[in-house]
Every structure is written in C-alpha cells, then in structure tokens.
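Asker: Just to be clear, the model below is a prediction. Sequence and coordinates:
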Amino acid sequence: GNSVTQMEGPVTLSEEAFLTINCTYTATGYPSLFWYVQYPGEGLQLLLKATKADDKGSNKGFEATYRKETTSFHLEKGSVQVSDSAVYFCALSKNTGFQKLVFGTGTRLLVSP
Amino acid sequence: NAGVTQTPKFQVLKTGQSMTLQCAQDMNHEYMSWYRQDPGMGLRLIHYSVGAGITDQGEVPNGYNVSRSTTEDFPLRLLSAAPSQTSVYFCASSDRRDYGYTFGSGTRLTVV
C-alpha cells in the first residue's frame, strides 16, 4: 500500500540555519506529493505541493522537488526563522478519484534565536 | 473568513457516551474528510465524502458514523465513546479540481 516515511524529530536549529527534512514515499502509480505545516494549537495548512515528477513546489521560502527516481520529496529552506517552528507533515495522494491523503508521522522543527 | 469550522474545540466524554463533532465549510468544496491525529502516528483517515449523500470508510472507521446531507456540513458521530478514541480530530475539505486540502482547527477529545 501507499506510505510516507519522514525523518524523526525534533530537528533543532539556530535562526538562519539551512533546513532539510527528509521524506520518502512508497506508492503505486504517480501520486501527488504535499508538505503541510501545523503551528501549535492549530490545524494543518498546505505549505506546498507537486503533482508530477521533477515538479518543484515552493512557498514562503520553502522548496521541495518531486524525485521519482529516489521516491523522495525532501523539504528545504535556506534560512529558517523562529516563526518556522512547527510540525511538518509530508503526505501523498493518488491523482485520480478521491484524493485520500496518506501522511507521514510528522517532524517537529524547533528554531532558536 | 472562508474556511472549515469545527465545533467544539475541546470535549471530555465518559466511556459509553455519544456525541457529534460538527464540521462546516463555506467554500462549496465537494470533498470532505475526517482525520484523527495521534502522537507518533500522523493523521489517519476515518471517513470521507465525495459529495452530498455519498460517504465511505477510511482507514480507521470503527466506532464512528458520518452523513452528508448538504455540501456544507459533514458531522462525525461517536456512537459509544471509548478511551481509545481520545485524540485530536480534524475535518478537511477540498475542491476536486485542486489537490490541496483546507483543514479545520481541530477538536481535542478526551474519553475518561
């Protein structure tokens, strides 16, 4: 079945450091891939998405590239801020019919000043 | 503001009690879903709907019922609450032409 594996956290960084959160997936066919962010006490917000191989999703300085050959969708940001502290979820869905989201277990990011 | 509204935000139930978690969206989205979030397990799909009058089971449906009488509303019913249903519940909606979901702010449920 479809599944998503994320690196375990927490990831602790200083402000302005480079961020990478690894995400790999297992899926039949060609899924769409997503990163969602959850700030403390809130619901999930879509951060970025990619719907086909080699697509790059980007938003708010975050980027992720859909790599079919390595089945990966790693999240990167060149310079993190304290306000980026949150839990980040990688997810996938199939591209036809109802898009059931399959989530990874989430990675907590803590950024200190 | 447009979005997904969930009520209540917090709830404590006794084992065996029943209750309904409410979810409403004002974006005219066709797809709606309920997820539960548990530590170390990410989010798991409980039930979903692809339109008014159409619902189906997700990954963890036991102990929950849903109905979709209107496009806007998608309530989740706990029939007889159990401690294993202690969790944070999220409702989400999506326009089938888009691949991103809008999530509500969640309901934190504790069953004692």
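Answerer: All right, it came through fine.

Asker: Can you tell me how far the nearest residue to B:Arg77 once chain neighbours are set aside is from B:Thr55?
Answerer: Using Cβ to Cβ, 6 or more residues apart in numbering or on different chains and skipping the chain neighbours, the partner closest in space to B:Arg77 is B:Asn65 (4.4 Å). Any C-beta I mention is one placed from the backbone N, CA and C, and that applies to glycine too. Using Cβ to Cβ, to the nearest Å, we find B:Asn65 at a distance of 9 Å from B:Thr55.

Asker: Next: B:Val112.
Answerer: Distance from B:Val112 to B:Thr55, by Cβ to Cβ: 29 Å.

Asker: residues contacting residue 7?
Answerer: By default, I'm working from chain A. A:Ile21, A:Asn22, A:Cys23, A:Thr107 (Cβ atoms under 8 Å, 6 or more residues apart in numbering or on different chains).

Asker: sorry, should have said chain B
Answerer: So B:Thr7 contacts B:Leu21, B:Gln22, B:Thr107 (Cβ under 8 Å, 6+ apart).

Asker: ditto for B:Ser80
Answerer: B:Gly16, B:Gln17, B:Ser18, B:Gly63.

Asker: what do you get if the cut-off is 6 Å, keeping everything else the same?
Answerer: B:Gly16 (Cβ atoms under 6 Å, 6 or more residues apart in numbering or on different chains).

Asker: any idea how far it is from B:Val60?
Answerer: For B:Ser80 relative to B:Val60 (Cβ to Cβ), the value is 16 Å.

Asker: Tabulate the contacts of A:Met7 (JSON lines), appending neighbour count and pLDDT.
Answerer: Shown next, in JSON lines, are the contacts of A:Met7 (neighbours: other Cβ atoms under 10 Å in any protein chain shown; pLDDT from 0 to 100):
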{"residue": "A:Ile21", "neighbour count": "24", "pLDDT": "97"}
{"residue": "A:Asn22", "neighbour count": "15", "pLDDT": "97"}
{"residue": "A:Cys23", "neighbour count": "24", "pLDDT": "97"}
{"residue": "A:Thr107", "neighbour count": "20", "pLDDT": "95"}
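
Asker: so how many other residues sit close to the closest residue to B:Tyr89 other than its chain neighbours?
Answerer: By the measure of Cβ to Cβ, 6+ apart, the closest residue to B:Tyr89 outside its immediate chain neighbours is B:Thr107, 4.7 Å from it. If you count neighbours by other Cβ atoms under 10 Å in any protein chain shown, B:Thr107 ends up with 23.

Asker: do B:Asp73 as well
Answerer: B:Asp73: 14 neighbours (other Cβ under 10 Å).

Asker: My read is that it contacts B:Gln25, right?
Answerer: No: with contacts counted by Cβ atoms under 6 Å, B:Asp73 stays clear of B:Gln25, the gap being 8.3 Å.

Asker: is chain B contacted by stretch A:89-108?
Answerer: Yes: residues of stretch A:89-108 are located near chain B by Cβ under 6 Å from any Cβ of the partner chain, namely A:Phe98, A:Gln99, A:Lys100, A:Phe103, A:Gly104, A:Thr105, A:Gly106.

Asker: ok, the residue nearest the centre of chain A - contacts?
Answerer: Ranked by distance to the mean C-alpha position of chain A (Cα atoms, centre = their mean), the top residue is A:Trp35 at 3.3 Å. By Cβ under 6 Å, 6+ apart, A:Trp35 lies in contact with A:Leu47, A:Leu48, A:Ala64, A:Leu75, A:Cys90.

Asker: what are the bridge partners for the residue most central in space within chain B, then?
Answerer: Centroid-nearest residue in chain B, with Cα atoms, centre = their mean: B:Trp34, separated by 3.1 Å. Per DSSP bridges, the residues bridged to B:Trp34 are B:His47, B:Cys91.
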